[in-house]
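>>> only geometry, no sequence info:
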Ligand code: ADP
Ligand code: MG
């Protein structure tokens, strides 16, 4: 049974019309679902609906199969960590972590020992007596995480908990969140604006736009088989060439007629967008001469591990990415080919349903 089940949930903020529309999502026991999407697409609203801070206009929130509408936020047994740590400044780290147990009526010695144990698990045993103001951002976020986990919640909701941390700390903390989440086997909804973070720690990724859930799938599904051009462009980089199929295995695009692998659902005469990830573009000539291009290098960026080229060809651009160690030189032009089996077909602009 799902830890949290959203069934066709809609909510609009009074007077604004914005919120979420028709979202269905099952958070399975022990899984981590990352929610990504542009700012304002409804991620935090989804969290508030699960937490019970707001009530849906339509649809239902189920917690372990039971309708949650009659439950107040504090009765829902859900741990929450926000972007701002929201610790009590006058309490020590230990007292902060023990606080949810106090609310649940646990005796003092028991709650302090349980909180101390939880602080140890997030690596802060030595900081138990310090107040939030004496802790670094990363340490404060660990205290917030410990406080959200200490009462064995049925689910954990994280709303961009790492965005206030600097880049190097962020990577360490995201792995730590994943470790704790696995250790406690706790169903977790992790909201992030960092798509790399989402791909790296999630069991499944939910992509939202304009209040709607566009796609829910494993990181590999989302990256390799995005449902539309928006998802493709939002998660990683993508070459997107709109066109029309002239045969089951050919599509006419602005950069020319491309050989493709026939795909179910895409027939001759149909409009589609050909998508190719830059790292799937191959440098050099194609053995069979198919989908071969000679382009002028209009941009050549060194990205550390990778090097990205923008090649101008008749009719458009091809973005190509290679390991930066592989190619030396400052070529003014490059020959590349586009492997047909790496080209994915996307539907043309499914008109946004209202
Ligand atoms: P996200 O977390 O994805 O950035 P939110 O869920 O916070 O987005 O917001 C979704 C939409 O609802 C946005 O258009 C936002 O402006 C609007 N919104 C959020 N909170 C309120 C509010 N309290 N009152 C009115 N509109 C709101
Ligand atoms: Mg938000």
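Done, it's in. All figures in this text were calculated on a predicted structure; none of them were measured in a lab. Ligands and ions are numbered 1, 2, ... in the order given.
>>> I'd say residue 204 and residue 217 touch.
Yes. With contacts counted by CB atoms under 8 Å, residue 204 reaches residue 217, the gap being 6.2 Å. All C-beta spots, glycine's among them, are computed from the backbone N, C-alpha and C.
>>> higher neighbour count, the two?
Neighbours around residue 204 and residue 217, counted as other CB atoms under 10 Å, are more numerous at residue 204. The numbers are 21 against 17.
>>> quick check: residues of the chain near ligand 1?
Proximity of the chain to ligand 1 (CB under 6 Å from any ligand atom) is limited to residues 13, 16, 18-19, 37, 39-45.
>>> what is the end-to-end distance of stretch 180-191?
For stretch 180-191, the first and last residues are 16 Å from each other (CA to CA, to the nearest Å).
>>> how about it, does it get close to ligand 2?
No. Remark: stretch 180-191 sits outside contact range of ligand 2, by CB under 5 Å from the ion, the gap being at least 6.4 Å.
>>> what domains does the record give for this structure?
For the chain, whose domains are defined here by automatic domain parsing, the residue ranges read 4-224, 238-346.
>>> just name the most buried of those domains.
Comparing the domains of the chain on average neighbours per residue, with mean count of other CB atoms under 10 Å, the densest one is domain 4-224 at a mean of 18.
>>> pull the longest helix from this protein.
helix 167-183 (DSSP state H).
>>> which outside residues touch that one?
Under the criterion CB atoms under 8 Å, 6 or more residues apart in numbering, residues 30, 32, 121-123, 137-138, 141-142, 145, 149, 156, 158, 161-162, 165, 188, 190, 194, 197, 200-201 lie in contact with helix 167-183.
>>> redo the domains of the chain as TSV? Include mean pLDDT.
As requested, those are arranged in TSV below (pLDDT from 0 to 100):
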stretch	mean pLDDT
domain 4-224	94
domain 238-346	93
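>>> can you list those in CSV and add distance to residue 230?
Supplementary listing: those in CSV, determined by distance: least, CB to CB, whole Å:
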stretch, distance to residue 230
domain 4-224, 6
domain 238-346, 9
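>>> so which residues of the chain form helices?
Remark: helices of the chain, listed N- to C-terminal, are 43-51, 93-103, 108-121, 137-149, 167-183, 195-201, 219-224, 229-234; assignment by DSSP H.
>>> which residues touch the second one?
Meaning helix 93-103. 74, 87-88, 91, 108, 110-112, 114-116, 118-119, 124, 127-132, 135, 139, 143, 146-147, 150-151.
>>> quick one, what contacts residue 224?
residue 344.
>>> if I look at it, how far off is residue 167?
Computed as CB to CB, to the nearest Å, the residue 224 to residue 167 distance reads 26 Å.
>>> check residue 29 too.
32 Å.
>>> excluding its backbone neighbours, what's nearest residue 304?
Distance criterion CB to CB, 6 or more residues apart in numbering; nearest residue to residue 304, sequence neighbours excluded, is residue 324 at 6.9 Å.
>>> that neighbour contacts residue 307, doesn't it?
Yes. Using CB under 8 Å, residue 324 and residue 307 qualify as a contacting pair, with a distance of 4.1 Å.
>>> select the longest strand from this structure.
When the chain is parsed with DSSP state E, its longest strand is strand 292-302.
>>> direction included, what does that strand pair up with?
Sheet pairing here is set by DSSP bridges, and for strand 292-302 it gives strand 306-313 (antiparallel), strand 333-337 (antiparallel).
>>> the ones you listed: which one's closest to ligand 2?
strand 306-313 (29.9 Å; CB to the ion).
>>> which residues of the stretch 1-150 of the chain lie near ligand 2?
Taking CB under 5 Å from the ion as the test, the list of the stretch 1-150 of the chain residues beside ligand 2 reads 43-44.
>>> which members of the residues of the chain next to ligand 1 occur in strands, if any?
residue 19.
>>> what's the closest of the residues of the chain next to ligand 1 to residue 239?
Among the residues of the chain next to ligand 1, residue 37 lies closest to residue 239 (CB to CB), at 22.0 Å.
>>> wait, what's in contact with that closest one?
Contacts of residue 37 were listed using CB under 8 Å, 6+ apart, and they are 43, 207-209, 214, 234.
>>> ok, now with 7 Å
With contacts defined as CB atoms under 7 Å, 6 or more residues apart in numbering, residue 37 is in contact with 43, 207-209.
>>> these in strands, which ones?
When those are checked against strands using DSSP E, the ones located there are 207-209.
>>> where's residue 348 relative to ligand 1, distance?
Remark: distance between residue 348 and ligand 1 (CB to the nearest ligand atom, to the nearest Å) = 26 Å.
>>> thought that residue was touching residue 273?
Yes. Taking contact to mean CB atoms under 7 Å, the distance of 6.0 Å between residue 348 and residue 273 places them in contact.
>>> which residues do these two both contact?
Listed as contacting both residue 348 and residue 273 by CB under 7 Å, 6+ apart are residue 242.
>>> related to what we said a few turns ago, would JSON lines of the residues of the chain next to ligand 1 with distance to residue 247 be doable?
Listed next are the residues of the chain next to ligand 1 as JSON lines, based on distance: CB to CB, whole Å:
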{"residue": "13", "distance to residue 247": "49"}
{"residue": "16", "distance to residue 247": "48"}
{"residue": "18", "distance to residue 247": "44"}
{"residue": "19", "distance to residue 247": "45"}
{"residue": "37", "distance to residue 247": "36"}
{"residue": "39", "distance to residue 247": "42"}
{"residue": "40", "distance to residue 247": "42"}
{"residue": "41", "distance to residue 247": "38"}
{"residue": "42", "distance to residue 247": "41"}
{"residue": "43", "distance to residue 247": "42"}
{"residue": "44", "distance to residue 247": "47"}
{"residue": "45", "distance to residue 247": "45"}
